[in-house]
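K.L.:
attaching a predicted model along with its sequence, questions to come.
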Amino acid sequence: MSTYTDKIRETAQRLLKECKVEMVIGFRKGSQPMMNEPCVVRSPEEVDQLIWDSNCGINLANYLTNRKEKIGIVAKGCDSRNIVTHIVENKIAREQLVIIGVPCLGMIDKRKIAAAADGEILSVTEADGQVMVKTAQATQTFAKSDVLQGNCSVCTHRNPVIHDEMIAEPVPEQTDVDPYADVAEIDAMTPEQRHAFFEELLAPCIRCYACRNACPLCYCPTCFVDESKPQWVGKGQDPADVRTFHFLRAYHCAGRCTDCGACQRACPVGINMRLLTKKLNKDCLELYGWEAGLSTETRPALDDYQPNDPENFIH
Amino acid sequence: MKNLLEHMGMEPDRLHFSWISSAESTKFVAVVNQITAKVKALGPNQRFVKKAAKVA
């Protein structure tokens, strides 16, 4: 992974020196273990801040919305798909971007590590598919495949779909995974069970909107939850309001979500709201053969009419 | 939308979509009868319902 870091720094430095870009968006080490933070580098002297490891789960496409500068951006598979979505939705122009592609082997789920580790985590390092967690008491080792983020373990687009530079050879894509196994599980339930399942899933929600803020798709100037004339949804923690918020948030991402996992990662109470967006992803794939963010040439499923679009829900 | 609502536990017969031209009065009547029959069979909706705020 350190070779990734070196290559990213080298590339960022070259782009900045040659004035190909005004800034490079990447990651730097956070103040806590497993909490890398996004960072903007504007001069060649600052590139040593940039790093890459398995804690770079934040989706950097979120920082491109409506920017006017020439930007270099570090992009793993899901980031690159969200960059494509941004280009398709005219939130940034392709010409403004130099995309530094990073083949990704998945990000670590900090909650899984925190749950498995004894005591306070002091540092987390990794080598050869192993994750070493150092706590005050001991050093524990986990297989990285056991502590991957849920979305990464079923990811089928690890390599950037769009890039100008690549910092390493593409990694093999996972082909033996079923990304929608958990959705199928819910689909097998009765309506009563499903209602109860989501009631329980969403019960801890504190309406902080971290999921919305972390999501690169959520760039409306005023979000529907913040509007008061009209007020679309109540602002409290009434279960019906919480459910309405999550339902609409997911629906606004229909045909656009790349399952990058930023929402779930940002959630302070650990709600897996991806079960909602994934249902829509699955429907888009099954009904329209559509996966978001794979090409700047095709129009999104909900933006495009075809005479053979399924319409069996209409009487 | 219907799919996601049902995914979250709304009954399949609760929400209906139809496309009826202003000239299709018989279709309109037929669809309304069909929908009311289905919704009546389900009974009152208990989900996605906000109870009135409790005031002390």
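P.N.:
Received, thanks. Residues are numbered from 1 along each chain as shown, chains lettered A, B, ... in the order given.

K.L.:
residues contacting the residue nearest to A:Val84 when sequence neighbours are not counted?
P.N.:
Distance criterion C-beta to C-beta, 6 or more residues apart in numbering or on different chains; nearest residue to A:Val84, sequence neighbours excluded, is A:Gly293 at 4.2 Å. Where you see a C-beta, it was placed from the backbone N, CA and C, and this is true even at glycine. Residues near A:Gly293 by C-beta atoms under 8 Å, 6 or more residues apart in numbering or on different chains: A:Ser80, A:Arg81, A:Asn82, A:Ile83, A:Val84, A:Thr85, A:Val88, A:Val161, A:Arg256, A:Thr258.

K.L.:
now A:Asp182: how far from A:Glu22?
P.N.:
42 Å (C-beta to C-beta, to the nearest Å).

K.L.:
the stretch 101-250 of chain A: helices as residue ranges?
P.N.:
A:110-116, A:150-153, A:181-187, A:191-202, A:210-214, A:239-252 (DSSP state H, counting those that start in this stretch).

K.L.:
sorry, back to before: so which of the contacts of A:Gly293 comes closest to A:Ile51?
P.N.:
Set against A:Ile51, the nearest of the contacts of A:Gly293 by C-beta to C-beta is A:Ser80 (19.0 Å).

K.L.:
does that closest one touch A:Asp164 like I think?
P.N.:
No - A:Ser80 lies out of contact with A:Asp164 (C-beta atoms under 8 Å); the separation is 10.8 Å.

K.L.:
list the residues that contact both of those two?
P.N.:
Joint contacts of A:Ser80 and A:Asp164 (C-beta under 8 Å, 6+ apart) are A:Ile99, A:Gly101.

K.L.:
tell me which of these two has more neighbours.
P.N.:
A:Ser80 (27 against 17; other C-beta atoms under 10 Å in any protein chain shown).

K.L.:
residues contacting the more buried one?
P.N.:
A:Ile99, A:Gly101, A:Pro160, A:Val161, A:Ile162, A:His163, A:Gly293.

K.L.:
can you do 7 Å?
P.N.:
By C-beta atoms under 7 Å, 6 or more residues apart in numbering or on different chains, the contact set of A:Ser80 is A:Ile99, A:Gly101, A:Pro160, A:Val161, A:Ile162, A:His163.

K.L.:
what number of residues lie near the fourth one?
P.N.:
If I follow you right, that is A:Val161. 20.

K.L.:
also the first one?
P.N.:
When neighbours are defined as other C-beta under 10 Å, A:Ile99 has 22 of them.

K.L.:
try A:Tyr4
P.N.:
19.

K.L.:
also B:Pro44?
P.N.:
Other residues close to B:Pro44 by other C-beta under 10 Å number 7.

K.L.:
of all the helices of the stretch 101-250 of chain A, which one is nearest chain B?
P.N.:
helix A:191-202 (2.7 Å; C-beta to the nearest C-beta).

K.L.:
does that closest one reach chain B?
P.N.:
Yes - contact of helix A:191-202 with chain B (C-beta under 7 Å from any C-beta of the partner chain) involves A:Pro191, A:Arg194, A:His195, A:Phe198.

K.L.:
could you check the angle that helix makes with helix A:239-252?
P.N.:
90 degrees (axes from the mean of the first three to the mean of the last three C-alpha atoms, to 10 degrees).

K.L.:
what helices and strands are in contact with helix A:191-202?
P.N.:
helix A:239-252 (3 or more C-beta pairs under 7 Å, 6 or more residues apart in numbering or on different chains; DSSP states H and E).

K.L.:
so is the helix it packs on next to chain B?
P.N.:
Yes - using C-beta under 7 Å from any C-beta, helix A:239-252 reaches chain B at A:Ala240, A:Asp241, A:Arg243, A:Phe247, A:Ala250, A:Tyr251.

K.L.:
in these, which residue is surrounded by the most others?
P.N.:
Going by other C-beta under 10 Å, A:Ala250 tops those with 24 neighbours.

K.L.:
dump the residue contacts of that residue.
P.N.:
A:Met273, A:Leu276, A:Thr277, A:Leu280, B:Leu4 are the contacts of A:Ala250 under C-beta under 7 Å, 6+ apart.

K.L.:
let's see that with 10 Å instead.
P.N.:
Counting by C-beta atoms under 10 Å, 6 or more residues apart in numbering or on different chains, A:Ala250 touches A:211, A:257, A:263, A:273-281, B:4, B:7-8.

K.L.:
ok, now A:Leu302?
P.N.:
A:Tyr251, A:Ala254, A:Gly255, A:Arg256, A:Leu280, A:Cys284, A:Tyr288, A:Trp290.

K.L.:
go on, A:Ala203?
P.N.:
A:Gln237, A:Pro239, A:Val242, A:Val269, A:Ile271.

K.L.:
closest to B:Gly43 out of the residues you listed?
P.N.:
A:Pro239 (20.0 Å).

K.L.:
get me the contact residues on the stretch 201-315 of chain A for chain B.
P.N.:
A:201-202, A:233-234, A:236, A:238-241, A:243-244, A:246-248, A:250-251, A:254, A:275-280, A:282-283, A:286-287, A:311, A:313-315 (C-beta under 10 Å from any C-beta of the partner chain).

K.L.:
quick one: what helix or strand has residue 35 in it?
P.N.:
All of this is about chain A. Assigned by DSSP states H and E, A:Met35 falls within no helix or strand.

K.L.:
that answer is for a different chain, and I need it for chain B
P.N.:
Short version, using DSSP H and E: B:Ile35 is in helix B:25-42.

K.L.:
how many residues are close by A:Trp232?
P.N.:
13.

K.L.:
repeat for A:Ala292
P.N.:
Count around A:Ala292 with other C-beta under 10 Å applied: 23.
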